[in-house]
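Participant: Quick one, fold the following:
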Amino acid sequence: MRKELMVEALCWETQSKIHVSYAEKDRRLSCFCPDEHCLVRVYPKTIKNTFFYAEEGHVTGCPNEAESHSDPLQPGEAKPKPSILPPTPIPNCLGMPPRPQRRIPPSKEQLIALSRTAKASRPLYPATMSKIVDTWFKIPETEREAHSLTINDHQWNYKSAFTYIRYLQNDINILDCENHIIYGDATVSRGKHYYFLSSIKRFLFNGESLPLRFDVPIRNPCLNNLADYVGQQVLFFWRGVIPAINAKHTAYQFLQPDDTNLRGLIIHPSQSK
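Facilitator: Below is the predicted model:
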C-alpha cells in the first residue's frame, strides 16, 4: 500500500506514464494503474491536491492501493489514511504533446506490455517555457545532462536543449530557436519611447557585427520587470523564429509572440559564467 498520493499512471494515448497534472488538463486521456497485476482505470481527482483515483478500487494487494486504518467509531470499517503529496517531478516536455487518436480500448495484454515498457521511465510532465527555464536554474549544472527534456519531438536534456550563444559562430542562420532554447548575455538601456535589450553577442550582416535586440515600448511594456534592469546586464532566453534584420539594418530584431506559454523572451538577472 502507498503512503503518498498516486500521481503517476499509464496513458494509452501517449503510450507512456504521465503525471496527473497532465491528465487533469485533458480528461479524454485513458489512464490506468501502472502495476501490471492491477491495471484498473484511474481518473484525476481533486480534493485538496490532485491525484489519480480508482473509482472501482485497485486489485487487492496492488502497491498503489491507498493505505487505510480502522475507525474506532465504526469498528471493522477501514478508511483511507491522509496521504502525503510526493515531490513535483522535473518537467520533461515543453508544452502539451499532440494527443494521438486511439479509439479502440486497449486489451489487458496490451496494457501489460505497456506497463512493462514504461516501468523504468519517468512520467510525462509537460510545462510552459517559463517553468522550464525556472527548472533549468534549479538544476545544478553538473546534473542537467541527466534530466530529459523534449522540444518539438526532439529528445534533449536540460544541457543539450539550451544553447548558450556566446561561443557560437557569427552566422545568424545557425541558431535553432524552434527546437532549442537559446540564451545569452544582454544589456538593458532606456530611450525616449522604448527600453532596449541588446545582446552582447554579435552576428554578421553585410560585414557588420550586429546584436540581437528587443524593443519594448515604455508605455506598454510586455516584459513588466525590464525597467528594473536599465543600465544592467541580464541573461535572456529565447524560443521562436530566428530574429530578422530590422528596417534600419542596426540589429536582428526579436518579435515577442502573442502567446508566450511555449515561446518568446524571458529575462533573468545576469549569471557569472
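Participant: okay, now Cys177: neighbour count?
Facilitator: Counted by other C-beta atoms under 10 Å, the residues lying close to Cys177 total 16. In short, each C-beta sits where N, CA and C put it, glycine included.
Participant: Ramachandran angles for it?
Facilitator: Per-residue torsions, Cys177: phi -80, psi -10 (degrees, to the nearest 10).
Participant: how about the helices of the stretch 1-150 of the chain, start to end?
Facilitator: Taking DSSP state H, counting those that start in this stretch, the helices of the stretch 1-150 of the chain run over residues 20-25, 108-118, 129-138.
Participant: most tightly surrounded among the ones you listed?
Facilitator: helix 20-25 (a mean of 19; mean count of other C-beta atoms under 10 Å).
Participant: Just the residues contacting that helix, thanks.
Facilitator: In this structure, residues lying in contact with helix 20-25 by C-beta atoms under 8 Å, 6 or more residues apart in numbering are 6-9, 11, 29, 31, 44, 46, 50-52, 96, 124-126.
Participant: Just flag the most distant two among these.
Facilitator: The two members of those with the most space between them (C-beta to C-beta) are Met6 and Met96, at 21.5 Å.
Participant: more crowded one of these two?
Facilitator: Between Met6 and Met96, counting by other C-beta under 10 Å, Met6 is the more crowded of the two (22 against 15).
Participant: Now that one: phi and psi?
Facilitator: Torsion angles, degrees, to the nearest 10, at Met6: phi -80, psi 110.
Participant: separation between it and Lys138?
Facilitator: According to C-beta to C-beta, to the nearest Å, Met6 stands 25 Å off from Lys138.
Participant: In the contacts of helix 20-25, which has the lowest confidence score?
Facilitator: Minimum pLDDT for those is recorded at Met96 (78).
Participant: thought that residue was touching Thr14?
Facilitator: No - using C-beta atoms under 8 Å, Met96 is not in contact with Thr14; the gap is 10.4 Å.
Participant: For the protein, which residues score under the pLDDT cut-off?
Facilitator: Scanning the chain for pLDDT under 70 picks out 1, 68-83, 98-103, 221, 224, 272-273.
Participant: repeat that for 50
Facilitator: For the chain, residues meeting the criterion pLDDT under 50 lie at 69-70, 72, 273.
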